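> my questions are about this predicted structure, shown below with the sequence.
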Amino acid sequence: MKLEEKELQGLKDVQSKTQMFLHDIGVLESQKHNLLHALAQVSGEQQEMIKALEEKYGKIEIDLADGSYTKVE
């Protein structure tokens, strides 16, 4: 016994779509991993900059719009 050709083709189409979506999810997860790694690296750079600025100026709050700062006490 066999399925009708139309039924078999419908199952094959759904399976193909499922595999395509799983592939795309894998690609997106890989991109997400790379972006999270890059974000962690930038965050580390930011922390190093903050540490260097604190060593030079002490505890400060910086206005990124114009570079002015105020001391935090």
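Done, it's in.
> which residues in this structure form strands?
Using DSSP state E, the strands of the chain run over 60-62, 69-71.
> relative to Q15, which of these is closest?
strand 60-62 (55.9 Å; Cβ to Cβ). Glycine gets a C-beta too; all of them are placed from N, C-alpha and C.
> got a list of contacts for that closest one?
The list of residues contacting strand 60-62 from outside it, by Cβ atoms under 8 Å, 6 or more residues apart in numbering, reads L53, E54, S68, Y69, T70, K71, V72.
> with stretch 43-58 instead?
With contacts defined as Cβ under 8 Å, 6+ apart, stretch 43-58 is touched by I60, I62, Y69, K71.
> make TSV from those residues and add neighbour count and distance to G26 to it.
Formatted as TSV, the contacts of stretch 43-58 follow (neighbours: other Cβ atoms under 10 Å; distance: Cβ to Cβ, whole Å):
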residue	neighbour count	distance to G26
I60	14	45
I62	13	41
Y69	13	46
K71	9	50
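> what's the most distant pair in those residues?
Farthest pair in the contacts of stretch 43-58, by Cβ to Cβ: I62 and K71, 11.0 Å.
> state the distance from A38 to A52.
Using Cβ to Cβ, to the nearest Å, one obtains 21 Å as the distance from A38 to A52.
> with E4 instead?
Per Cβ to Cβ, E4 is found 72 Å from A52.
> how far does stretch 29-38 sit from its chain's centre?
Relative to its chain's centre, stretch 29-38 lies at 5 Å (Cα atoms, centre = their mean, to the nearest Å).
> which residues in this structure form helices?
5-57 (DSSP state H).
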